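Asks: could you look at this predicted model? Sequence included:
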Amino acid sequence: MSRRPRLVLLAAALGAALAVDTAPAGAQWADPSRAARPAAAPRVTGFIDGIVSDTAMRGVGFAEVLIVRTDIRLQTNSQGRFRFYDVPPGQYLLIVRRIGFRPISSIIQVNARDTLRLSFVMEPAVRVLDSVIVLDRQLTPKMAAFEERRRQGFGFFLTETEIEKRNLPVAADYLRLAPSISLAPSPNASGISELVAISKREGGSIFGDGAGACALQIVLDGIPMPPRFPLELLPTPKEIAGIEVYDGPATVPPQFNGLDRRCGMVLVWTKDGR
């Protein structure tokens, strides 16, 4: 019986083995499942690295640092330091607060693949508690004070119920309802146009920086915002519990005397836990 078929099979097997052994070092066989996977997108987030100290340059520990309109918030460590990781690029409103100190607000710009380094100095404050106001329904102290001022009727007010009923897309739209102010574009330091609240009564101009334009002081939960505050950074309507607008210094409630009241004032109050 001939053995040739068997020898052919052995030769074929030997040739396959030699092909494997002589493959270039480091060569890899194609894997269709790996080739089908898209390449990982590059990270385009930024970082925030900061420190909070008092006027004696001592670190303020356990101060709350938060970015409005996001879930980004934390407390400083015992040395007053904090760091936020993977923050999407953009402009934000950052707030620092701690009992016993005056709160701080700052508008920040986070860039992709960059670290924003911040330093804040908190001034001590003696806080005088408002009188307790008892109403029919349970309210927090800040909203009880809001209701008392609304009852006195010296400003323009929007309650949480009215805000929810109107269901407007952004907070600035609610300020358009106040008859004493207008919203006008104003360029920031980068030349980008931002929406600010201008007093009609105090010589405001619908065109923003025209002669006599007078920007109202914006106050968020009792914290004064930077001058000519861009309204795009206000909390969303779903986060707001009440808005009050005062068209000039004479109508601003006395408990806000320490703030800039020359052009009037807008007070925005958020719901608890925001």
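Replies: That came in fine, so what should we check first?
Asks: for Gly90, see how far away the spatially most central residue of the chain is.
Replies: Centrality entry for the chain: nearest residue to the mean C-alpha point is Val68, 2.9 Å, by CA atoms, centre = their mean. When distance is defined by CB to CB, to the nearest Å, Val68 is 12 Å away from Gly90. Backbone N, C-alpha and C define where each C-beta goes, glycine included.
Asks: this structure: strands as residue ranges?
Replies: Taking DSSP state E, the strands of the chain run over residues 46-54, 64-67, 73-75, 81-87, 90-97, 104-110, 115-122, 156-159, 181-187, 193-199, 217-220, 223-224, 240-246, 265-270.
Asks: any idea which of those strands scores lowest on pLDDT?
Replies: Per-stretch mean pLDDT for the strands of the chain is lowest at strand 181-187 (a mean of 90).
Asks: list the buried residues for it?
Replies: Ile181, Ser182, Leu183, Ala184, Ser186 (16 or more other CB atoms under 10 Å).
Asks: got those as a markdown table, with distance to Thr236 columns?
Replies: Listed next are the buried residues of strand 181-187 as a markdown table, based on distance: CB to CB, whole Å:
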| residue | distance to Thr236 |
| --- | --- |
| Ile181 | 20 |
| Ser182 | 22 |
| Leu183 | 17 |
| Ala184 | 22 |
| Ser186 | 22 |
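Asks: tell me which residues touch Thr251, please.
Replies: For Thr251, the contacting residues are Phe154, Gly155, Gly264, by CB atoms under 8 Å, 6 or more residues apart in numbering.
Asks: Gln217 touches Leu259, doesn't it?
Replies: Yes: between Gln217 and Leu259 there is a contact under CB atoms under 8 Å: 5.6 Å.
Asks: residues shared between the contacts of these two?
Replies: Common neighbours of Gln217 and Leu259 (criterion: CB under 8 Å, 6+ apart): Pro224, Met265.
Asks: mind checking which of those two has more residues around it?
Replies: Neighbours per residue (other CB atoms under 10 Å) separate Gln217 from Leu259, with Gln217 holding more: 23 against 17.
Asks: that one and Ile192: what is the separation?
Replies: From Gln217 to Ile192 the distance is 22 Å (CB to CB).
Asks: and what of Pro253?
Replies: For Pro253 relative to Ile192 (CB to CB), the value is 33 Å.
Asks: the two: which has the busier surroundings?
Replies: Each of Pro253 and Ile192 has its neighbours counted (other CB under 10 Å); Pro253 has more, 17 against 11.
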